[in-house]
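Chemist: give the three-dimensional model of this entry:
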Amino acid sequence: MLRLFFILFFAIIISGRAAFGMDLMDSNSSEEEKNFYETLIRESHKYQTSSSALSRYLTPYFNQAIRKNDNALLAIYYCLLADQSFDTEGGRNSFSDKYYLKALDLEKEYNYQNVKSWVKVMYGFYLYRCLKASEALPLLLEGEKGLEDIPKELVLELTQTYKKLGYFFGSLGDYRSGIKYLELGKQQQGISPKLKAEILDNLGLLTLKSGGDTAQAMQSFELAQKLALSEKDSLRYAKTLGNQALIHEGKKDYQKALSLLDKDLEISKSLGNNKNTIFALMLRIRLSINMGSNRAVHQMIRETERLLEGADDKKTILELEGHKLNLAIQNHDLKQELNARRRIEQLQDSLRFLDGDPVLSQLKFMADKQKYVDKLSLAQALIKKKQAETRLWVTLSVFVLILSFFIYNTFRYRAKKRIREYEYQLLNLKYTKAELDKELTSSKSQIEEYMVYLKRNNEQINLLSSMLDEMGETSAKDRDELKTLLHSHLITDEKWQEFKFLLAKEFPNVLQHIQTKFPDITESNLRVIVLMKMGLNNREVANVLGVTPDAIKKSMQRLKKKLGGQAEMLMDYISDKELV
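Modeler: Numbering: from 1, shown residues only. Alright, predicted model coming up:
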């Protein structure tokens, strides 16, 4: 019955763990596996120069993943190949799509939540880079949500993950989330100065866009600039100059802004980085229009258009067409104005399906809505969890009460049973004692029968001593009763005198003979000698006299020493069991 209760108890505990969402199996990789995956990802960056170099480096890991059925490692392998293909081809291509889809398809083949979140963030950020923010949104939201259940020490590429989420949400206009993730990214230990400079630069940019403190934004740009210089990262240094120019533009300090942009343009052109050159030119065009320097604007627009040839950067082209429209209106050039308006309309239609401002605004709304739904779901889950906890504790409390009642009754029943057994045993001992006393009364003319009585008496003494030892200190009353019964079996002075009388009656000269032969013995010595001669051993003699066997042994040693030469004669006398 008790076993059944324990089975029920463990069933309740297991169901309680399930109710609290505490899986018995770990849903993340071990820290050792996570470190292995991260090392592979980090080392693979050294082979990003070509697809063949990366493929050669990753082939042993691919074979290991197949051999060990490590589908998490296989998913990481495909993500690394996809990213390398995107970088080599300069954009989205059939191979990058195929590899990322393979990585995503493997999700059901492994249980590691930290790897799943990493794959979703990687794929989502890839789509975001391909100007497919609407496709990226659900993946990055899932990746973000997955982070809630992963201990920070088990998140793959924690800093890079925070950075990617920060960039994405910042581009949607969710500056609060963007800043939050970039702040988390820069705070991670072991972050490289180069990566920290990149995060700080973008953190300052989001601070500006969100209407935050310009001094704080400038501080981020300046820190990023120092790190870029220490790392000799010329491109990042140029970007920080362009971003600082934005702050001076906001303060209407156009000369300072232009000075910074000139340095930015000089470095970007020397590095051959068209993207940053275009960014600096676009900002310079805007500043020149604000300053009324339209003559220089036409030249910069032509330079920008040349750099944008073959590019698919529709947002920058749309902004450039906006500048051309403003110039046409200022110059009353109806033809140029008409061309600019048509071009703007075409680009706006095209951007409806890409990452134009209306699309990004809608995506931000969808992201906010999804996050609200997730928060609501989390709140409901917490309520359900709390209810489940309450039900579990109530169930456990009832179970504990029932179990306590069951254990109490079991012990009570066993205690009653022990008491009944003890009372029966005690009654039986008392009856045996009465029988022995009766036999002793009837055997006063037979010494042999008295010897039988002593043997049986010894058995009773042994039994009573065992009962006292087993009982311990539990019941003082019962112990006193047993002690009284035990004492009644002992040969007291009164019983010894009765025995001496019986012995003298049966064998008149025995006691006198012993005392004559061994005049130095005491009354207590005589008692021991007679009992031993009647066939009792040390323990039995000790029992009937109520002393320890050791006391009897020491008493005999003292007597032998006292008798000296007669000691051996005494032992011979005791060994001869004939009384006469």
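Chemist: okay, CA-based contacts and neighbour counts for the rest of this
Modeler: Fine.
Chemist: ok, which stretches of the stretch 301-450 of the chain are helices?
Modeler: All helices of the stretch 301-450 of the chain, identified by DSSP state H, counting those that start in this stretch, fall at 314-330, 334-351, 357-442, 447-471.
Chemist: looking at the ones you listed, which one has the lowest mean pLDDT?
Modeler: Among these, helix 357-442 has the lowest mean pLDDT, at a mean of 65.
Chemist: could you chop this structure up by domain?
Modeler: Using automatic domain parsing, the domain parsing of the chain gives 373-476+478-484, 490-575.
Chemist: for Arg456, see how far away Ala103 is.
Modeler: 90 Å (CA to CA, to the nearest Å).
Chemist: who has more neighbours, the two?
Modeler: Taking other CA atoms under 10 Å, Ala103 and Arg456 do not tie; Ala103 has more neighbours (24 against 15).
Chemist: grab the nearest non-local neighbour of Gln336.
Modeler: For Gln336, ignoring the flanking residues on the chain, the nearest one in space by CA to CA, 6 or more residues apart in numbering is Ala328 at 5.7 Å.
Chemist: ok, that neighbour - contacts?
Modeler: Ala328 sits next to Leu334, Gln336, Glu337 when contact means CA atoms under 8 Å, 6 or more residues apart in numbering.
Chemist: so Ala82 sits right up against Ser94, yeah?
Modeler: No - using CA atoms under 8 Å, Ala82 and Ser94 do not qualify as a contacting pair, with a distance of 9.5 Å.
Chemist: tell me which of those two has more neighbours.
Modeler: Neighbour count, other CA under 10 Å: between Ala82 and Ser94, Ala82 has more, with 28 against 10.
Chemist: so which bits of the helix or strand containing the more buried one are buried?
Modeler: Using DSSP states H and E, Ala82 sits within helix 71-89. For helix 71-89, burial by neighbour count (16 or more other CA atoms under 10 Å) applies to 71-86.
Chemist: closest to Leu139 among those residues?
Modeler: Checking those against Leu139 with CA to CA, the nearest one is Cys79 at 14.2 Å.
Chemist: I'd say that closest one and Val119 touch.
Modeler: Yes - using CA under 8 Å, Cys79 is in contact with Val119, at 7.1 Å.
Chemist: can you pull the residues that touch both of these two?
Modeler: Contact criterion CA under 8 Å, 6+ apart; residues shared by Cys79 and Val119: Ala103.
Chemist: tell me which residues of stretch 170-182 are tucked away?
Modeler: The neighbour-count criterion (16+ other CA under 10 Å) identifies Gly170, Ser171, Leu172, Gly173, Asp174, Tyr175, Ser177, Gly178, Ile179, Lys180, Tyr181, Leu182 as the buried residues of stretch 170-182.
Chemist: and which of those residues is nearest Arg302?
Modeler: Ser171 (27.6 Å).
Chemist: let me know the secondary structure of that closest one.
Modeler: Under the three-state scheme (DSSP: H, G, I helix; E, B strand; the rest coil), Ser171 adopts helix.
Chemist: need the pLDDT of it.
Modeler: Looking at Ser171, the pLDDT reads 87.
Chemist: distance of it from Lys98?
Modeler: Separation of Ser171 from Lys98 (CA to CA): 26 Å.
Chemist: check Asp469 too.
Modeler: From Asp469 over to Lys98 the distance is 83 Å, taken as CA to CA.
Chemist: those two - which one has more neighbours?
Modeler: Neighbours per residue (other CA under 10 Å) separate Asp469 from Lys98, with Lys98 holding more: 15 against 10.
Chemist: tell me which element the more buried one falls in.
Modeler: Assessed by DSSP H and E, Lys98 sits inside helix 94-105.
Chemist: so which residues make contact with that helix?
Modeler: 74-76, 78-79, 81-86, 119-120, 123.
Chemist: show me the shaky parts of the stretch 201-350 of the chain.
Modeler: Applying pLDDT under 70 to the stretch 201-350 of the chain flags the ranges 350.
Chemist: what residues does Gly212 make contact with?
Modeler: No contacts exist for Gly212 under CA under 8 Å, 6+ apart.
Chemist: please identify which helix or strand holds it.
Modeler: Counting by DSSP H and E, there is no helix or strand that carries Gly212.
Chemist: same deal with the one 5 residues further on?
Modeler: In this assignment (DSSP H and E), Ala217 forms part of helix 214-230.
Chemist: mind listing what's buried in that helix?
Modeler: Under 16+ other CA under 10 Å, the buried positions of helix 214-230 are Thr214, Ala217, Met218, Gln219, Ser220, Phe221, Glu222, Leu223, Ala224, Gln225, Leu227, Ala228.
Chemist: nearest to Asp262 among these?
Modeler: Gln225 (16.2 Å).
Chemist: what are the neighbouring residues in contact with the closest one?
Modeler: Per CA under 8 Å, 6+ apart, neighbours of Gln225: Ala197, Arg236, Tyr237, Thr240, Leu241.
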